[in-house]
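Participant: Got a sequence here, can you model it:
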Amino acid sequence: MRSGQFRILRTQLAGIEAVKAETGHSFPKHTHDQFGIGLIEAGAQASLSGRGMVQAEAGDIISVNPNEVHDGMPIGESRAWSMLYFDPLVIADLLKDIGEGRMGEVEFPSPVIRNGELVAKFRALFSLLVGKSAPQDTLLRDGLLLSFAAAVMSEGAQSSRDITVPVAIGRARELIDDDPAAPFTLAELAGVCGLSHFQFLRAFSKATGLTPHAYLLQRRIQEARRLIAVGTPLAEAAFASGFADQSHMTRLFVRNFGLSPGAYAAAC
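Facilitator: Numbers count the residues shown, from 1 in each chain. Here you go, the predicted model:
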């Protein structure tokens with residue numbers, strides 16, 4: 001279904017979402033709770049990534065990891081892309097299969113990939129995932145998914161950075177992840193980590209790329225998106241995910257995803 005310049009497409013496999021977009025919207029710093037892998041179809045963009053600032057142009061593969069802080073702005077008037085978003089369990093299962101039981105690094109190592117063979121695989125995979133299912137296509141689709149994931153994981157793996165989050169900060173992040181609607185205080189989160197308020201603020205921002213409050217808002221909007229996708233009324237989704245009201249949720253939703261919660265609900 002089309003919503004402005006965004007199309008959210010149904011796929012043939014659970015845990016995978018497809019999006020096609022063309023927009024001049026500049027996205028602020030935000031995160032996703034999914035793995036994203038896509039193709040810049042036209043134009044170009046500059047973005048912050050887990051590897052620093054990067055640029056991607058038409059014909060480049062782009063990727064993002066769960067909870068990786070990133071933004072995105074067009075170089076020129078606009079850009080267009082096709083994206084596949086994978087639930088973490090889907091990627092974990094793929095990598096377990098690829099590694100024959102050994103998981104290894106569970107992250108896409110390179111935010112921008114220039115590889116014509118990978119582009120061809122992505123186009124074929126995207127088409128098979130969003131097209132009408134045919135029994136004779138299942139083997140091709142599943143084989144492409146595995147080989148594509150393996151190829152993406154091997155690109156830039158040597159330059160992969162250490163993204164280990166300090167154990168203390170990990171405790172606070174897990175607390176937020178487990179209940180993003182809870183009214184956390186700075187004192188509570190710092191106490192869990194055994195740090196002073198200032199030490200906690202500095203360490204959390206360094207480890208995650210976001211302040212604790214910004215991280216909490218990202219987890220709330222991700223929870224709201226999940227609730228809306230399964231048919232939860234918008235006002236109820238706003239309340240259940242911890243927003244003061246529906247308008248607050250709507251403002252953040254549009255900033256992060258480029259479309260309104262109502263448009264996303266209709267598309268889902």
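Participant: Verify the contact between residue 7 and residue 19 for me.
Facilitator: Yes: contact criterion C-beta atoms under 8 Å: residue 7 and residue 19 qualify, at 6.9 Å. Just so you know, the C-beta spots here come from the backbone N, C-alpha and C atoms, and that holds for glycine as well.
Participant: And what about residue 151, helix, strand or coil?
Facilitator: Under DSSP: H, G, I helix; E, B strand; the rest coil, residue 151 falls in the helix class.
Participant: show me the contacts for it.
Facilitator: Applying C-beta atoms under 8 Å, 6 or more residues apart in numbering, we find residue 151 in contact with 115, 117-118, 121.
Participant: Just the buried ones from those residues, in ChimeraX syntax?
Facilitator: Per 16 or more other C-beta atoms under 10 Å, the buried members of the contacts of residue 151 correspond to this ChimeraX selection:
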select :115,118,121
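Participant: from the contacts of residue 151, which is closest to residue 31?
Facilitator: Nearest to residue 31, judged by C-beta to C-beta, of the contacts of residue 151 is residue 118 at 24.3 Å.
Participant: ok, the closest one - contacts?
Facilitator: 61, 148, 151-152, 155.
Participant: Report the two of these separated the most.
Facilitator: Using C-beta to C-beta, the two most remote members of those are 148 and 155, lying 11.0 Å apart.
Participant: Turn the contacts of residue 151 into CSV, columns for pLDDT, secondary structure and distance to residue 84.
Facilitator: Below are the contacts of residue 151 laid out as CSV (pLDDT from 0 to 100; DSSP: H, G, I helix; E, B strand; the rest coil; distance: C-beta to C-beta, whole Å):
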residue, pLDDT, secondary structure, distance to residue 84
115, 93, coil, 16
117, 92, helix, 17
118, 94, helix, 13
121, 93, helix, 12
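Participant: mind listing the strands for the stretch 1-150 of the chain?
Facilitator: For the stretch 1-150 of the chain, applying DSSP state E, counting those that start in this stretch gives strands covering 2-3, 6-9, 16-23, 27-30, 35-49, 52-57, 61-64, 70-86, 112-113.
Participant: Please tell me how far residue 262 sits from residue 229.
Facilitator: According to C-beta to C-beta, to the nearest Å, residue 262 stands 13 Å off from residue 229.
Participant: actually residue 93, not the one I typed
Facilitator: Computed as C-beta to C-beta, the residue 93 to residue 229 distance reads 21 Å.
Participant: isn't residue 51 right up against residue 110?
Facilitator: Yes: between residue 51 and residue 110 a contact is recorded at 7.5 Å, counting by C-beta under 8 Å.
Participant: quick one: which of those two has more around it?
Facilitator: More crowded of residue 51 and residue 110, by other C-beta atoms under 10 Å: residue 110, with 23 against 15.
Participant: Please verify my assumption that that one contacts residue 50.
Facilitator: No: with contact defined as C-beta under 8 Å, residue 110 does not reach residue 50; the gap is 10.0 Å.
Participant: Quick one: low-confidence residue ranges for the stretch 1-150 of the chain.
Facilitator: Filtered on pLDDT under 70, the stretch 1-150 of the chain yields the residue ranges 1-4, 100-105, 133-136.
Participant: The same query, at a cut-off of 80, please.
Facilitator: Residues of the stretch 1-150 of the chain meeting the criterion pLDDT under 80: 1-4, 98-106, 132-137.
Participant: Nearest residue to residue 175 in space, ignoring adjacent ones along the chain?
Facilitator: Using C-beta to C-beta, 6 or more residues apart in numbering and skipping the chain neighbours, the partner closest in space to residue 175 is residue 192 (6.1 Å).
Participant: That neighbour: what's it in contact with?
Facilitator: 171-172, 175.
Participant: Write a ChimeraX command that selects only the buried members of those.
Facilitator: Burial among these is assessed by 16+ other C-beta under 10 Å; the matching ChimeraX selection reads:
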select :172,175
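Participant: How about the backbone phi and psi for the spatially most central residue of the chain?
Facilitator: Taking C-alpha atoms, centre = their mean, the centroid of the chain lies closest to residue 32, which sits 3.2 Å from it. Residue 32 adopts backbone torsions of phi -120, psi 160, taken as degrees, to the nearest 10.
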